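[1] The following comprises the amino acid sequence and a computationally predicted model.
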Amino acid sequence: MNGDKELLQLTKQLLAYNAALSERFEKVKESGTSGDFYREVKPFADEVKEINDKWKTKAVKWVHANTPRNLYAGQIESAHEHMESISVQAFFPQTGRTGFINLAASSKYVLNHVIMLLTKEERES
């Protein structure tokens, strides 16, 4: 169960990053100014990557161990890739709006689904 709590915490952290990245993307689009790569982009992307990689490992193990309905390891892999992409794309005004929004929404959906399944499991035990 302790692993589930850590997975829940990592998932919530990624959801917060997702929201922050969406906000950042809108500001960058509005201003037309890219983030400084070494001062802003790389440190933030590295921070997201560390949490994202831990999350993927734990989430894939959890999915294999619990076989939840309507959640598959492939969705975890996709959400992981999407978070990695948007953690960099959010800083550049030339990033396409539709593509960014789709990646952010897709990963947000999976993250929320994981949270819902973990909290449901918690209530039932």
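    That came through fine.
[2] elements contacting the one helix or strand residue 86 maps to?
    Using DSSP states H and E, the element containing residue 86 is helix 73-89. Here helix 73-89 touches helix 2-31, helix 42-66, helix 97-124, going by 3 or more Cβ pairs under 8 Å, 6 or more residues apart in numbering; DSSP states H and E. For the C-beta atoms, the positions are set from N, CA and C on the backbone; glycine is no exception.
[3] Now do the longest one and helix 42-66, the angle between them.
    In other words, helix 2-31. Per axes from the mean of the first three to the mean of the last three Cα atoms, to 10 degrees, the angle that helix 2-31 makes with helix 42-66 is 140 degrees.
[4] Give me the distance from helix 2-31 to the chain's centre.
    6 Å (Cα atoms, centre = their mean, to the nearest Å).
[5] any idea of the mean pLDDT in that helix?
    Here helix 2-31 scores 95 as its mean pLDDT.
[6] Next: stretch 38-57.
    The average pLDDT within stretch 38-57 is 98.
[7] thinking again about what came up before, of the helices and strands packed on helix 73-89, which approaches residue 88 most closely?
    Closest of the helices and strands packed on helix 73-89 to residue 88 is helix 42-66, at 5.1 Å (criterion: Cβ to Cβ).
[8] so which of the helices and strands packed on helix 73-89 comes closest to residue 75?
    helix 97-124 (5.1 Å).
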